[in-house]
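got a sequence here, can you build the structure:
(4 chains)
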Protein chains: 2
Amino acid sequence: MAERKSPERKSSDERRDEIVRSTLRIVAAKGFAGVTLRDVANDVGVVHGLIRHYFSSRDDLVAAAFDFAVTSELASDRALLDGLNPVAALAGWLAATPEDHYRVWIDAWSEAERTPALAAALDRHHRDCEAILARVIERVVDAGLGASADPAVDARLLTAVADGVAVQHHAVGIIGVNEANAIVYSVAERQLALEPGILARANPVPARGNWAVAPAR
Amino acid sequence: MAERKSPERKSSDERRDEIVRSTLRIVAAKGFAGVTLRDVANDVGVVHGLIRHYFSSRDDLVAAAFDFAVTSELASDRALLDGLNPVAALAGWLAATPEDHYRVWIDAWSEAERTPALAAALDRHHRDCEAILARVIERVVDAGLGASADPAVDARLLTAVADGVAVQHHAVGIIGVNEANAIVYSVAERQLALEPGILARANPVPARGNWAVAPAR
DNA sequence: ATCGATGTTGTCCAACTGGACAATAACGCT
DNA sequence: AGCGTTATTGTCCAGTTGGACAACATCGAT
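Sure, this is the predicted structure:
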């Protein structure tokens, strides 16, 4: 319409990725419900009409953002855990995760009820998480360090415990990171018949996190 | 301004209560972030200006609604649990709760980050929950049916587990009510050295719930 | 009976929302 | 070089939002 400068045109995939990352930044600041096309556009540095060019609706954008966050998060976790010994991997997976990353999950739990696409992604990725943990448990058992009647069942149990502890830690703020880890570790050691204290001594590298909510701008 | 009929004037407290209950109905449908003064006003059957007459801001309204929901919920729970034997009380408290009630908590976890008043209420009521559970644990121990090195610590642990399981059940939908109860009960029995299966056999009355999200209108 | 306090209404507003779309500019292909 | 595709922009829109406020109605106290 008006003057037209040089709009620094980017490839489709690149721009799409940029938009998704900006959306995650907005989500971190205002939650899924607080995402507006204009905020995202402003963060990317484009006009809000362009967002619609890439995502047919706001819901599409929100669901894509969550999916991207978790997919990349889990991919890097898988790689990290594979390089550790079984006990360290277990301790790392169960360890408290960075605030930013869990907030996305908590927001998603809340928002999923009203966003079917988000609910579907949530179900999928929770199963992924359980599967990853089940595999780690199997490795622990195979190494003769613990016991599990059914790794899948124990994984489901421990996933629930880890999520609950994360809520108390991140959302409620009623417990600190040390207490959070202590709770999860004590339940896990008891459930898997591990030597008490072995998980804390594993000095775990907290897993998770690579979609990097960049400097807040 | 225009004609003035008979506005069916209500007492201040009555109206306030009405507004809070309507707000909770909106929260159940759209989450805390989805509460608008106009929706609430429409549900009550008044003009949106009146809501502001009672609550100085939208945030005030939201925080008051959560506070009311949980306060009344916990009050009725306390009364219910006191009338049960220790094991039944424990089983009842840990049992899966109605969907409506947990959704409010999940939404609050998500929204608390951006609403200080909500965060304060959340912290307060989570401590209440822990205290209630700690008391039940003490009764179980006093009755000689279980053991606890520190009821407060165990209460904190089991609260986290119950919340995590509730997330998996209500928000993610990955487990059913039976599996949810089975997980919480197994952890509790192990943690408190209870006879395995005793909680499930207690045939618990699921506690919680009296602020009654009325028929959806 | 009078009057101040307050419950209640209607109406206004500036800001913001998601969506739509025509115009334009850069690109990829032949 | 020409042409179709598409990334990108600016602008419009109808709807909704939280907030403000003057006018009016009802009540309780005196």
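
low pLDDT regions in chain A?
A:1-7, A:203-217 (pLDDT under 70).

mind checking the longest helix of it?
helix A:116-142 (DSSP state H).

now the terminal residues of stretch A:93-101, how far apart.
Stretch A:93-101 has an end-to-end distance of 14 Å (criterion: Cα to Cα, to the nearest Å).

residue in chain A nearest to chain B?
Using Cβ to the nearest Cβ, the single residue of chain A nearest to chain B is residue A:164, 2.4 Å away. Every C-beta, even on glycine, is put in place using the N, C-alpha and C of the backbone.

give me the number of residues near that residue?
Neighbour count of residue A:164, defined by other Cβ atoms under 10 Å in any protein chain shown: 27.

and residue A:145, by the same measure?
Residue A:145, neighbours per other Cβ under 10 Å, totals 17.

cool, residue A:178 as well?
Residue A:178 has 11 neighbouring residues, counting by other Cβ under 10 Å.

for residue A:143, same thing?
Quick note: residue A:143 (other Cβ under 10 Å) scores 11 neighbours.

how about it, what does it touch?
With contacts defined as Cβ atoms under 8 Å, 6 or more residues apart in numbering or on different chains, residue A:143 is in contact with A:85-87.

what residues sit buried inside the longest helix of chain A?
By 16 or more other Cβ atoms under 10 Å in any protein chain shown, the buried positions in helix A:116-142 come out as A:117-119, A:121-122, A:125-126, A:128-130, A:132-141.

over to stretch A:57-69?
Result for stretch A:57-69 [16+ other Cβ under 10 Å]: buried residues A:58-59, A:61-69.

okay, and which of those map to helices?
A:58-59, A:61-69.

give me the subset of those touching DNA strand C.
When contact is defined as Cβ under 7 Å from any atom of the strand, those meet DNA strand C at A:58-59.

DNA strand D: which of the ones in helices among the buried residues of stretch A:57-69 is nearest?
residue A:58 (13.4 Å; Cβ to the nearest atom of the strand).

that closest one and residue A:35 touch, don't they?
Yes - the pair residue A:58 / residue A:35 is scored as a contact, 6.9 Å apart, by Cβ atoms under 8 Å.

between helix A:116-142 and the helix or strand hosting residue A:76, find me the angle.
Per DSSP states H and E, residue A:76 falls inside helix A:58-82. For helix A:58-82 against helix A:116-142, the angle by axes from the mean of the first three to the mean of the last three Cα atoms, to 10 degrees is 10 degrees.

now do whichever helix or strand comes after helix A:58-82 and helix A:58-82, the angle between them.
Per DSSP H and E, the first helix or strand lying C-terminal to helix A:58-82 is helix A:86-94. Put simply, helix A:86-94 runs at 160 degrees to helix A:58-82, going by the same axes, to 10 degrees.

thinking again about what came up before, hmm, the helix holding residue A:76 touching chain B?
No - Helix A:58-82 is not in contact with chain B by Cβ under 8 Å from any Cβ of the partner chain; minimum separation 12.5 Å.

ok, residues contacting that helix?
Contacts for helix A:58-82 (Cβ under 8 Å, 6+ apart): A:19-20, A:23-24, A:27, A:32, A:35-37, A:40, A:51, A:54-55, A:89, A:92-93, A:101, A:104, A:108, A:111, A:115, A:117-118, A:121-122, A:125, A:128-129, A:132, A:136, A:205, A:207-211.

can you narrow the residues you listed to ones near DNA strand D?
Restricting the contacts of helix A:58-82 to those near DNA strand D - Cβ under 7 Å from any atom of the strand - leaves residue A:54.

just the buried residues out of the contacts of helix A:58-82, in PyMOL syntax.
Of those, the buried ones can be selected in PyMOL as follows, counting by 16+ other Cβ under 10 Å:
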select buried, chain A and resi 19+20+23+24+27+32+35+37+40+51+54+55+89+92+93+101+104+108+111+115+117+118+121+122+125+128+129+132+136+207+208+209+211
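
how about residue A:202: what's its closest non-neighbour residue?
Closest residue to residue A:202 apart from its sequence neighbours, by Cβ to Cβ, 6 or more residues apart in numbering or on different chains: residue A:91 at 3.8 Å.

one step back: just send the ones in helices among the buried residues of stretch A:57-69 back as TSV, with distance to residue A:150 too.
Below are those laid out as TSV (distance: Cβ to Cβ, whole Å):
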residue	distance to residue A:150
A:58	41
A:59	37
A:61	39
A:62	35
A:63	32
A:64	35
A:65	35
A:66	30
A:67	29
A:68	32
A:69	30
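
just curious, which of the ones in helices among the buried residues of stretch A:57-69 is nearest to DNA strand C?
The shortest gap between DNA strand C and any of those belongs to residue A:58, at 4.0 Å (Cβ to the nearest atom of the strand).

against residue B:28, how distant is residue A:62?
Taking Cβ to Cβ, to the nearest Å as the measure, residue A:62 falls 21 Å from residue B:28.

kindly report the same for residue A:48.
Distance from residue A:48 to residue B:28, by Cβ to Cβ: 31 Å.

the more surrounded of these two?
Neighbour count, other Cβ under 10 Å: between residue A:48 and residue B:28, residue B:28 has more, with 18 against 14.

spell out the secondary structure type for the more buried one.
State at residue B:28, reduced to three classes by DSSP: H, G, I helix; E, B strand; the rest coil: helix.

please apply the same query to residue A:194.
Assignment for residue A:194 (three-state DSSP): coil.

cool, and residue A:160?
helix.

what sits closest to it if chain neighbours are left out?
Using Cβ to Cβ, 6+ apart and skipping residues adjacent in sequence, the residue nearest residue A:160 is residue B:164, 4.1 Å away.

how much space between residue A:72 and residue A:40?
Counting by Cβ to Cβ, the separation of residue A:72 from residue A:40 is 18 Å.

nope, residue A:75 is what I was after
On the measure of Cβ to Cβ, residue A:75 and residue A:40 end up 24 Å apart.

now swap in residue A:21 and tell me
Per Cβ to Cβ, residue A:21 is found 10 Å from residue A:40.
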